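A.B. asks: Sharing a model that was predicted from the sequence below.
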Amino acid sequence: MLIQGVRRALFSLLCVGLFSGALQAEYRLWKAANGGFSAEAEFVGLKDANTVTLKMKAGGFLKDIPLGVLSTSDQQFIRTATGGGASVADAAPVAKAPTKGAAAALEKEALTTDTAKEAAGLYRIFLAEPGISSDDRIAATARQPYWEDLAAKNFVRLGTKWVPFEDAQKLRKQAAKLIQQSAELLRLNQDQMAHAKLKEASAIDPGGISADFIIGVVYALALRNYSKSSEHFEIALRRDPGNVALLNNLALTEIRTGEPRGAIMHWRKALSISTDQAVVHNIGRLIDQAGRGSVRNVPKSSIAELTAVYSDLLASGKVKGADKARGWQYMLVPIKSPEELEAQEETANSAPPEPGPDDQKLPGVIAGSGTGFVVAKNYILTNRHVAAEGIAFQIQDPVDRNKFHVATRKAVSTEADLAILHCPTLEAPPLSIEPKLPGRGTDVMLFGFPVSDMLGSSLKATRGALVSPPDPKINGMMLYDATSNPGNSGGPLCNAQGAVIGIHCAGMRFSSNYAAGLPIDTAMAFMKANIPDFEAQAPGTAVLPWPEVDQKVSPSTVLILIRMRTYNLGLAQRVGKDFLEDRWCNTCNGFGKVKCPVNNCGQGTVPSIQVRNLGDRVESVPIRVPCNNCGGDGAVTCRACGGGKLDSTIGR
C-alpha cells in the first residue's frame with residue numbers, strides 16, 4: 001500500500017503539480033485531429049511536454065495520448081487548462097521523433113542526455129554536418145525546434161521525463177532528504193522504515209542511483225538477502241550502465257546467489273572501464289574460494305580465464321593482489337546531500353578541499369574519468385563538465401602509468417566548457433599551442449582516454465580532418481571527423497606540427513563520426529587569468545610524421561580520475577568497522593546454519609509410515625516425523641564456519 005501511495009503521489013506531482021493550473025475533474029469528448037478516434041475522458045494532466053494523460057470514462061483507466069494527434073479544439077482546451085504554461089510549448093504541434101536512419105540514432109542519443117541544452121547541442125552539431133542525407137536533414141530539422149524549446153526553458157531529464165530544472169532540483173532535494181533520513185533510521189536498526197523512505201526516494205528521483213544503491217547494500221550486508229540486493233543493484237545499473245561500483249556490487253550478489261557467470265561478465269565489464277583495486281581483489285578472492293570449494297558452480301574454463309586476466313593485471317604493476325585478510329569488497333557510489341544540491345552551482349566554481357598526498361586519504365570515491373593536457377608547469381586544461389563536480393582528482397603520470405598524482409581544481413569557466421586543474425607534483429612538459437586555426441580539410445590528430453568496454457584503458461590517438469570552422473550555432477565549436485568516445489573530453493586536438501589547435505568537448509555516439517571542440521584560442525584569456533605568469537609555448541614549424549606527433553604530445557596528455565563525495569550510510573556499527581567488507585561465510589551466507597542435507601527432509605520432517613491396527617485389518621498411513629539429523633529444525637550447523645557465521649578462510 002505504501003508503494004502504491006508513493007506512485008500515486010509521484011504521478012500527481014509530475015502530471016499536475018509541475019504544470020500549473022490543471023482543470024478540475026470534468027469529462028468531455030476528446031477527438032483526434034484526423035478523426036480516427038473519439039472518447040469521453042477526464043483531463044488528468046501532462047505526462048511530459050508532448051503527452052497528455054486522460055482518465056477514460058469507460059473503465060476509469062488512464063491513457064497517455066500524444067498531444068500532436070489531438071484536434072485543434074482539444075489542444076486549445078489543454079492550453080487553457082494549463083494556463084499556456086511553458087511545459088505545453090504553447091500547445092503547438094511538435095514534429096514526431098525520427099524513427100529511421102541517422103536522425104533516429106540522433107534522437108535516441110538526445111534522449112540519454114542529462115539536459116535539453118545538451119540534446120539541442122547534438123541536433124545543432126548534426127545539422128552542421130555537410131554530408132548527411134536529405135531525409136535525415138528533413139527529419140532532424142523538423143524535430144530540432146522541440147529540443148530548442150525545452151533548452152530555452154532549461155528542461156532537464158528526470159528518469160525518462162523532461163521537466164524544468166527548478167522542479168527537478170526540488171524532487172532531487174526531496175529524495176536526498178529521504179536518503180539522509182534513511183541513514184539515521186539504519187543507524188537505529190529501523191530497517192523497515194528506512195527501506196520505505198529509500199523506495200520513496202527512488203520513485204521520486206527516477207534517474208538517481210543513490211537510493212537503490214543503499215537498499216542493495218542494506219540487503220547484502222545487513223539482511224543477507226542477496227536476491228533482493230541484486231534487484232536493486234540492477235535497477236541502479238539500468239540508470240547508470242557504466243558505473244564500476246554498481247557492476248562490482250552486482251557481481252558480488254551474483255556470487256552469493258549462485259550465478260558466477262553473471263558475476264564474471266560484470267567484473268570484466270568493470271575492468272574494461274577502470275582497473276579498480278576492489279574489483280581485482282574480488283576476482284582474486286573468487287579464484288581462491290573456488291579453489292577451496294567455498295564457492296561452487298564456477299566452471300573451470302571461467303576460472304582459467306579469470307586467472308589469466310588476474311595474472312596479467314598483477315604483472316602490469318598497476319594493482320596489488322587480493323588481500324587474504326579481507327572479505328568481499330563492496331564499492332561506494334557518490335551520494336549528494338540536500339545541502340550539496342542546494343549549493344550545486346556554487347560548489348562547481350569553488351576550490352575543493354586540499355587532499356593529502358596519500359591516495360588512501362583522498363576524500364570521496366572515483367566516479368568518472370576524463371582527459372586533460374599540460375599547458376603550463378603543474379597546470380592542466382580540461383573541460384568544465386569533467387572538473388566541475390569533483391572534490392579531488394587523481395592524475396595518471398603520462399610516463400609512469402602506474403603512478404598517480406593528486407590535483408585540485410584551480411578554475412572553472414562560466415562562459416565555455418573549460419576548467420584548469422593544479423597538480424604540483426606533475427613534471428610533464430607543457431604542449432605548444434597554435435592559436436591560429438587552420439582551414440577546413442586540414443589533417444588533425446585527437447588524443448584522449450576513451451571509456452569503452454572494448455578499447456582498454458591506455459591513451460588513444462585518432463586521425464581525421466577539420467570539417468567546419470567554429471560555428472556560433474553550435475556554441476562556437478568546430479567539427480572534425482577524428483573518432484572519439486566518452487572519456488575523450490578535455491583531450492588535445494593537434495596539427496601536424498604537434499601543436500594544440502583545439503580542446504575536445506563532445507562526440508556523436510551514433511552513425512555520424514563527427515566530434516566537436518573549442519578552438520584553443522577560445523581558452524587563451526581563461527588560461528592567462530587563472531595560471532600565474534602564463535605564456536603559451538610557441539609552436540614549431542616543421543611538419544612531423546604522425547607517429548612523431550604522437551611521441552611529442554602523449555607525454556603531456558593525462559588521464560583524470562574524478563572523485564566525488566559520499567557520506568556515512570549508518571551501517572558501520574551494524575556489520576563491522578568497514579561496512580563495505582562482506583565477511584559472512586560463503587557457505588551459509590552468515591546465518592550459521594545450512595539446509596539439512598538429508599534426502600526428503602523438508603522443514604525438519606521426513607516421510608515415514610504409521611501402522612494402525614483396525615481390528616480386522618492393518619492399515620499403513622504415510623506420515624512425517626522429525627528428522628533425526630537436524631532434530632526437526634530443518635537446518636544444521638554450517639561446517640564451513642562452525643556456526644560462527646563469519647568466513648573462517650579469511651586470513652589464511
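C.D. replies: Yep, that arrived.

A.B. asks: Now the helix or strand containing Thr462: buried residues?
C.D. replies: Thr462 is part of strand 460-471 when elements are defined by DSSP states H and E. By 16 or more other Cβ atoms under 10 Å, the buried positions in strand 460-471 come out as 460-462, 464, 466-468, 470. C-betas here are computed from N, CA, C, even on glycine.

A.B. asks: Can you tell me which helices and strands that strand packs against?
C.D. replies: Where contact means 3 or more Cβ pairs under 8 Å, 6 or more residues apart in numbering; DSSP states H and E, strand 460-471 is packed against strand 443-448, strand 477-480, helix 546-553.

A.B. asks: let's see 7 Å
C.D. replies: strand 443-448, strand 477-480 (3 or more Cβ pairs under 7 Å, 6 or more residues apart in numbering; DSSP states H and E).

A.B. asks: List the strands paired with the longest one, with their directions.
C.D. replies: Spelled out, it's strand 443-448. strand 460-471 (antiparallel), strand 492-494 (antiparallel) (DSSP bridges).

A.B. asks: May I have it as PDB, with CA atoms only?
C.D. replies: Taking Å, rounded to 0.1, in the frame of the first residue of the first chain, the C-alpha atoms of strand 443-448 are listed here in PDB:
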ATOM      1  CA  ASP A 443      44.500  16.800 -41.100                       C
ATOM      2  CA  VAL A 444      44.400  16.600 -37.300                       C
ATOM      3  CA  MET A 445      45.100  14.100 -34.500                       C
ATOM      4  CA  LEU A 446      42.900  13.800 -31.400                       C
ATOM      5  CA  PHE A 447      44.300  12.400 -28.100                       C
ATOM      6  CA  GLY A 448      42.400  11.000 -25.100                       C
END
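
A.B. asks: Okay, now the unreliable bits of this structure?
C.D. replies: Within the chain, the ranges that satisfy pLDDT under 70 run 1-26, 34-36, 47-49, 59-62, 79-95, 337-361, 451-457, 508-513, 566-579, 652.

A.B. asks: who does the longest helix seen in it touch, helix- and strand-wise?
C.D. replies: Counting residues, the longest helix found in the chain (DSSP state H) is helix 165-187. Helices and strands touching helix 165-187, by 3+ Cβ pairs under 7 Å, 6+ apart, are strand 155-158, helix 191-204, helix 210-217, helix 338-342.

A.B. asks: Mind listing what's buried along that helix?
C.D. replies: 167-180, 182-183, 185-187.

A.B. asks: Check the secondary structure at Pro622 for me.
C.D. replies: strand (DSSP: H, G, I helix; E, B strand; the rest coil).

A.B. asks: thinking again about what came up before, so which of the strands paired with strand 443-448 comes closest to Val156?
C.D. replies: Closest to Val156 of these, according to Cβ to Cβ: strand 460-471, at 24.7 Å.

A.B. asks: Helix 546-553 and that closest one, what's the angle between them?
C.D. replies: 90 degrees (axes from the mean of the first three to the mean of the last three Cα atoms, to 10 degrees).

A.B. asks: Ser133: which of the buried residues of strand 460-471 is nearest?
C.D. replies: Val467 (16.3 Å).

A.B. asks: So that closest one sits against Leu479, correct?
C.D. replies: Yes: contact criterion Cβ atoms under 7 Å: Val467 and Leu479 qualify, at 4.1 Å.

A.B. asks: how far out from the middle of the chain is the longest helix of the chain?
C.D. replies: Relative to its chain's centre, helix 165-187 lies at 18 Å (Cα atoms, centre = their mean, to the nearest Å).

A.B. asks: tilt between it and helix 191-204?
C.D. replies: 170 degrees.

A.B. asks: Send over helix 165-187 as PDB, restricted to the C-alpha atoms.
C.D. replies: Taking Å, rounded to 0.1, in the frame of the first residue of the first chain, the C-alpha atoms of helix 165-187 are listed here in PDB:
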ATOM      1  CA  PHE A 165      15.500  22.300 -13.800                       C
ATOM      2  CA  GLU A 166      13.900  24.000 -10.800                       C
ATOM      3  CA  ASP A 167      11.300  21.300 -10.500                       C
ATOM      4  CA  ALA A 168      13.900  18.500 -11.000                       C
ATOM      5  CA  GLN A 169      16.100  20.000  -8.300                       C
ATOM      6  CA  LYS A 170      13.100  20.200  -5.900                       C
ATOM      7  CA  LEU A 171      12.500  16.500  -6.400                       C
ATOM      8  CA  ARG A 172      16.200  15.600  -6.100                       C
ATOM      9  CA  LYS A 173      16.400  17.500  -2.900                       C
ATOM     10  CA  GLN A 174      13.300  15.800  -1.600                       C
ATOM     11  CA  ALA A 175      14.900  12.400  -2.500                       C
ATOM     12  CA  ALA A 176      18.200  13.400  -0.900                       C
ATOM     13  CA  LYS A 177      16.400  14.300   2.400                       C
ATOM     14  CA  LEU A 178      14.700  10.900   2.400                       C
ATOM     15  CA  ILE A 179      18.000   9.200   1.800                       C
ATOM     16  CA  GLN A 180      19.600  11.300   4.700                       C
ATOM     17  CA  GLN A 181      16.700  10.300   7.000                       C
ATOM     18  CA  SER A 182      17.100   6.600   6.000                       C
ATOM     19  CA  ALA A 183      20.700   6.700   7.000                       C
ATOM     20  CA  GLU A 184      19.700   7.700  10.600                       C
ATOM     21  CA  LEU A 185      17.000   5.100  10.600                       C
ATOM     22  CA  LEU A 186      19.500   2.400   9.600                       C
ATOM     23  CA  ARG A 187      21.800   3.500  12.400                       C
END
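
A.B. asks: what angle do that helix and helix 210-217 make?
C.D. replies: 20 degrees.

A.B. asks: Based on its surroundings, how many neighbours for Thr257?
C.D. replies: By other Cβ atoms under 10 Å, 15 other residues sit near Thr257.
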